[in-house]
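Enquirer: I'll drop the sequence and a predicted model, then ask my questions.
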Amino acid sequence: MWVNAWASMKMDKDQRWWSFDYNFETSIRNKMKLPQKVIIKDDTLREGEETPGTYFTIDQKIEIAKLLEEMGIPEIEVGYAAGIEEHAKTFKALKKEGINMRLSSHARLYAEDIRKEVEDILAAEADSVNFLLVPSPALKSKEAVFNRITEGIELAKSMGAHVAFGSGRVIPRYWEKFCKLAMEAGVDRIVVYDGNGCMFPLSFREYVAFTKRIVKNIPIEVHAHDDLGLAVANTLSGIEGGAEVADVVFNGLGDRAGNAATEEVIMSLEILYGIDTGIKLEKIMEVSRLIEKYSNVPLQPHKAIVGKNCFIHESDLHVEQILIGNWTFWELFQPHVVGQSRKLIFGATTLQERAIKAKLTKMGLSFTDTHIRILREKIQEEIQQRQFITEQELEELAKKIIN
């Protein structure tokens, strides 16, 4: 395989992908507090369903959950078991189907009746109570907020639940107070939210690192929205700051501009950070397509990881290098890794001959400049009507011209 003399590449031992060596420089790594393991918590059933116009039936949620479990996702957030009756039924249906992933329910720490909130969640057979604290008429003073943090977490823990607690847009001195109260009440996990996409990567990383210094060994989960297109960047920055759990949504679905995309976070962790997520990566496309189907939200063709254009090559030099085996020239990872396939097409940007010659050579054909000229003319005629011809169509055309 051709390699740049000046290139700096760290190749995966199984030749699945490569990464820029500089990503693994000690000077870079020392600036991060990367955990040894990252838990991928998928939030598609809850946040994904909040995508405008999207509704998943219980049967569809069961099908999605089974596939997520099959690919190795250890934990999912299912919905609001205390606030939406159908979500409560979904928890029970998933349990009945034998789903073993940890099933988390979003919980309103600001609810008028916190006991009923917790009881309803646990009655639905949720494994984890994920408390979110936001401003509410039910909490009219600072003391009421402090007391509710303690009350809610202690109540859920006394009933045997795994408990997470989080909030967003809290100034550091109050966030420190919140975290300490949660720890004293026995919380199992702290969630750092960027629910409005209002932080940039460095500030989010530092906020997570600040939280880590407070909570020590209690795991931190990060949850980011994509209002400025930074959800994945902020999720990864949160992990750089020491977060051990990434709350993500397949295909980047979610309310408004969506959430950090499950598939993008997973592949970034694997390739750029060298973190083994334990996920069956080859299942990514299968899950993505199922969710695309049920969500009624078509994927952008150029969507990272799962978009149909990710492994389509047309540019002359691109096609040539792929044909002669230099996939690392223009691809970061091999398409089969995520269940994709590569496609070469011939159009306006492949008429500079290099790609055509590489294809003919690979076919074992002896050709002349005249053959190349005729092929280029034929391709030019075709693309006036339909933009490009496929690799197979070029093969058939070449066989007719070159006898």
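Expert: Thanks, I have the structure now.
Enquirer: can we go C-alpha only for contacts and neighbour counts from here?
Expert: Fine.
Enquirer: give the contact list for Leu253.
Expert: Leu253 makes contacts with Thr44, Glu47, Gly48, Thr51, Asn259, Ala261, as judged by CA atoms under 8 Å, 6 or more residues apart in numbering.
Enquirer: farthest-apart pair in these, please.
Expert: Within the contacts of Leu253, Thr51 and Ala261 form the most distant pair, 13.2 Å apart (CA to CA).
Enquirer: those two: who's more crowded?
Expert: Remark: of Thr51 and Ala261, Ala261 carries more neighbours, 27 against 21, as counted by other CA atoms under 10 Å.
Enquirer: let me know the closest of the contacts of Leu253 to Val129.
Expert: Using CA to CA, the contacts of Leu253 come closest to Val129 at Glu47, 15.9 Å.
Enquirer: so which strand or helix has the residue nearest to the closest one when sequence neighbours are not counted?
Expert: Closest residue in space to Glu47, ignoring its immediate chain neighbours: Gly254 at 4.9 Å, by CA to CA, 6 or more residues apart in numbering. Assigned by DSSP states H and E, Gly254 falls within no helix or strand.
Enquirer: any idea how far Leu181 is from Glu151?
Expert: With distances taken as CA to CA, to the nearest Å, Glu151 is found 10 Å from Leu181.
Enquirer: also Asn326?
Expert: Asn326 is 56 Å from Leu181, by CA to CA.
Enquirer: who's more crowded, those two?
Expert: Comparing Asn326 with Leu181 by other CA under 10 Å, the one with more neighbours is Leu181, at 19 against 16.
Enquirer: the more buried one belongs to a helix, doesn't it?
Expert: Yes: using DSSP: H, G, I helix; E, B strand; the rest coil, the assignment for Leu181 is a helix.
Enquirer: for this structure, give me the ranges with low pLDDT.
Expert: For the chain, residues meeting the criterion pLDDT under 70 lie at 1-7.
Enquirer: check contacts around the residue nearest to the spatial centre of it.
Expert: Nearest to the geometric centre of the chain sits Thr262, at 1.8 Å (CA atoms, centre = their mean). Contact analysis of Thr262 by CA under 8 Å, 6+ apart lists Ile40, Asp42, Val248, Val249, Phe250, Asn251, Gly252.
Enquirer: just the ones of the residues you listed in strands?
Expert: Among the contacts of Thr262, DSSP state E puts Ile40, Asp42, Val248 in strands.
Enquirer: all helices for the stretch 1-150 of the chain, in order.
Expert: Shown for the stretch 1-150 of the chain, the helices assigned by DSSP state H, counting those that start in this stretch span residues 26-29, 58-70, 85-96, 114-123, 142-158.
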